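>>> fold the following, please.
(one chain, ligands or ions: 2)
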Amino acid sequence: MLILGIETSCDETAVCIVSATGDKNSPVFSILGNALNSQTKIHEQYGGVFPALAKREHSKNLIPLFKKVLEESGFEKKLTTNNSQQTTREEIKKMLEKEPELLEQFLHYLPTIEKPPIDAIAVTVGPGLEPALWVGINFARALSLAWGIPIIPVNHMEGHIISVLVNRNEISNTQFPISNSKTKDYQPITNNSPVLFPALALLISGGHTELILIESWGKYSNIGQTRDDAVGEAFDKVARMLGLPYPGGPQISALAEISRNNAEQTQTNFKLPRPMLHTKDFDFSFSGLKTAVLYLLKDIGTPTKADRETIAREFEDAVTEVLVTKTKKALERYGAQTLIIGGGVIANTHIRKAFEKMVTEYPDTGLFFPNLALSTDNAVMIACAGYMQHLTKPSESTRTPLVAKGNLSF
Ligand code: KG4
Ligand code: ZN
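Ligands and ions are numbered 1, 2, ... in the order given. This is a model prediction of the structure:
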């Protein structure tokens, strides 16, 4: 099955074409084309994502990225005659009326190419920023109409879970340039063994921190989540306090690493809290930790370079300890056979290593991480999650509706 994946839930516009085969226990994915445009530079000045800007950027960038993946996959076949049908054209105009930039490019480009052999379109419908989500959804609807192929609505967080099933040999550096030099030399463990159930997924991203129990593919239940800030959000806010640019995760991580490598800073002289470390539930809280950093910085007055490094390190240590302790407790409580960790924050090498160490205590439990390049938002995980849905929920009525849902949950 050939799937076009579209992701526009936040500040990454991403499009891909994935070829998927195999059954739900052993799916095989190959990436035929992949393109991504990150808006972080645009949002940097706001210290976070500015929804109206994100929407406009998605609308502007979808067609160029789409064209790029068609070229990359060898599916861009130019037509000599213009084949646009007047009736479809009118409907498409209506569908994309709120995305004028996208509409103009769509009407200009689509009639010039042959319909590629794509079988379905997988698009993120939530959670995320609704204005941003609608751009991807409306683009999918217009393509679906033009080509007469179905749409599979995808939960972004399910995408983060399914991202771990993409074999890392599939990822080439040209498709996913990894800019963060810290993570470049890190070789993650590869896990090509099957996922055994019950499985537990820890999802850590800019908007979410949750523990999901997976009974089988497609059967998810939320057993714990953050009561306030998400981990990625805490990283981003603390980074801002330390004068670092958005997104803050990789920045904090780089500072923390300097402190760990510095012999004089073998022990951090600042102690930060580990919120909800010993509570009986599987919930998290990171807002107090963030506030603790704020007070600490107020106390210090003007932090030195070394102060900032040790604070970054202590913050990263506190987050890691909470994540590992809570996940370990859930692993034992539910007898999970597989631990999956997904979401942007698992691009963090220190957190990865802590989990690799933790699972050595559970030799029967498999640990799955996404390839580093698939940790942060991308369209490949959406296309792959679309394929899994096609296998596990063949009937449309059992799927998520095709409407943007900012707070979509499992
Ligand atoms: O999954 P993602 O790309 O987008 C959402 O769905 O939210 O996650 C983005 C988050 C940001 O908060 C970013 O700071 C964080 O992931 N992140 C990291 C690292 N790389 C990205 N956090 C900690 N360490 C990293 N290396
Ligand atoms: Zn995400």
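>>> surely I341 is in contact with E356?
No - contact between I341 and E356 fails when scored by Cβ atoms under 8 Å: they sit 10.3 Å apart. The C-beta positions use only the backbone N, C-alpha and C, and glycine is treated the same way.
>>> need the overlap of contacts for the two.
For the pair I341 and E356, residues contacting each of them under the criterion Cβ atoms under 8 Å, 6 or more residues apart in numbering are L367.
>>> mind checking how far the residue lying farthest from the centre of the chain is from E309?
Among the C-alpha atoms of the chain, the one most distant from their mean position (Cα atoms, centre = their mean) is that of T81, at 39.8 Å. As for T81, its distance to E309 is 63 Å (criterion: Cβ to Cβ, to the nearest Å).
>>> tell me, what's the model's pLDDT at whatever residue of the stretch 251-400 of the chain ends up closest to ligand 2?
Of the residues in the stretch 251-400 of the chain, the one nearest ligand 2 is D377, at a distance of 4.4 Å by Cβ to the ion. What the model reports for D377 is a pLDDT of 97.
>>> what of A330?
Predicted confidence (pLDDT) for A330: 98.
>>> wait, what's in contact with it?
200, 211, 213, 223-224, 282, 336.
>>> okay, now L96: neighbour count?
As a burial measure, the neighbour count of L96 was computed by other Cβ atoms under 10 Å and equals 22.
>>> element containing the closest residue to G232 other than its chain neighbours?
Once flanking residues are discounted, G232 sits nearest to G206: 3.7 Å by Cβ to Cβ, 6 or more residues apart in numbering. No secondary structure element spans G206, as it lies outside all helices and strands (assigned by DSSP states H and E).
>>> for ligand 2, see how far away the residue farthest from the centre of the chain is.
42 Å (Cβ to the ion, to the nearest Å).
>>> where does that residue land on pLDDT?
Residue-level confidence at T81 comes out at 71, pLDDT.
>>> before we move on, the earlier item: check the contact between the residue of the stretch 251-400 of the chain closest to ligand 2 and A14; I expect there is one.
Yes - taking Cβ under 8 Å as the contact criterion, D377 and A14 are neighbours in contact, 6.7 Å apart.
>>> tell me the one of the contacts of A330 nearest ligand 2?
When the contacts of A330 are compared against ligand 2 (criterion: Cβ to the ion), the nearest one is L211, at 16.2 Å.
>>> looks like that closest one contacts Y220 (just checking).
No - under the criterion of Cβ under 8 Å, L211 lies out of contact with Y220, with a separation of 10.8 Å.
>>> which one's more surrounded, those two?
The residue with more neighbours, out of L211 and Y220, is L211; 25 against 19, by other Cβ under 10 Å.
>>> state the phi and psi torsions of that one.
Recorded main-chain torsions at L211 are phi -110, psi 120, according to degrees, to the nearest 10.
>>> who is it paired with across the strands?
L202, G224 (DSSP bridges).
>>> per-residue confidence at it?
At L211 the predicted local confidence, pLDDT, stands at 98.
>>> quick one: it and S409, what's the gap?
13 Å.
>>> mutual contacts of those two, please.
Both L211 and S409 are contacted by N222, under the criterion Cβ under 8 Å, 6+ apart.
>>> may I see the buried residues of stretch 339-357?
Within stretch 339-357, the residues scored as buried using 16 or more other Cβ atoms under 10 Å are 339-352, 354-355.
>>> again, but for stretch 103-120
By 16+ other Cβ under 10 Å, the buried positions in stretch 103-120 come out as 103, 105-106, 110-111, 116, 118, 120.
>>> mean confidence for that stretch?
For stretch 103-120, the mean confidence score works out to 96.
>>> same deal with stretch 284-303?
Looking at stretch 284-303 alone, the average pLDDT works out to 97.
>>> now stretch 244-260
94.
>>> stretch 49-62 too?
For stretch 49-62, the per-residue pLDDT values average out at 96.
>>> check which residues of that stretch are buried.
The neighbour-count criterion (16+ other Cβ under 10 Å) identifies 49-51, 53-62 as the buried residues of stretch 49-62.
>>> C-alpha coordinates for it, PDB please?
What follows is stretch 49-62, C-alpha atoms only, in PDB (Å, rounded to 0.1, in the frame of the first residue of the first chain):
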ATOM      1  CA  VAL A  49       4.500  28.500  18.600                       C
ATOM      2  CA  PHE A  50       2.200  31.400  17.300                       C
ATOM      3  CA  PRO A  51      -0.900  29.600  15.900                       C
ATOM      4  CA  ALA A  52      -1.900  32.100  13.100                       C
ATOM      5  CA  LEU A  53       1.700  32.200  11.800                       C
ATOM      6  CA  ALA A  54       1.900  28.400  11.900                       C
ATOM      7  CA  LYS A  55      -1.300  28.100   9.900                       C
ATOM      8  CA  ARG A  56       0.000  30.600   7.200                       C
ATOM      9  CA  GLU A  57       3.300  28.800   6.900                       C
ATOM     10  CA  HIS A  58       1.700  25.400   6.500                       C
ATOM     11  CA  SER A  59      -0.600  26.800   3.800                       C
ATOM     12  CA  LYS A  60       2.500  28.300   2.000                       C
ATOM     13  CA  ASN A  61       4.700  25.200   2.300                       C
ATOM     14  CA  LEU A  62       2.500  22.200   1.700                       C
END
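>>> state the distance from the residue lying closest to D236 once chain neighbours are set aside to G48.
The shortest distance from D236 to any residue that is not its chain neighbour, by Cβ to Cβ, 6+ apart, is 4.2 Å, and that residue is G248. If you measure G248 against G48 using Cβ to Cβ, the figure is 10 Å.
>>> tell me the secondary structure for I214?
With DSSP: H, G, I helix; E, B strand; the rest coil as the basis, the three-state label of I214 is strand.
>>> now H350
Under three-state DSSP, the three-state class of H350 is helix.
>>> excluding its backbone neighbours, what's nearest it?
Counting by Cβ to Cβ, 6+ apart, E316 is the residue found nearest to H350 once chain neighbours are left out, at 5.6 Å.
>>> neighbours of the residue in the stretch 101-250 of the chain that ligand 2 sits nearest to, how many?
Taking Cβ to the ion as the measure, the point where the stretch 101-250 of the chain comes nearest ligand 2 is S205, at 4.3 Å. As a burial measure, the neighbour count of S205 was computed by other Cβ under 10 Å and equals 25.
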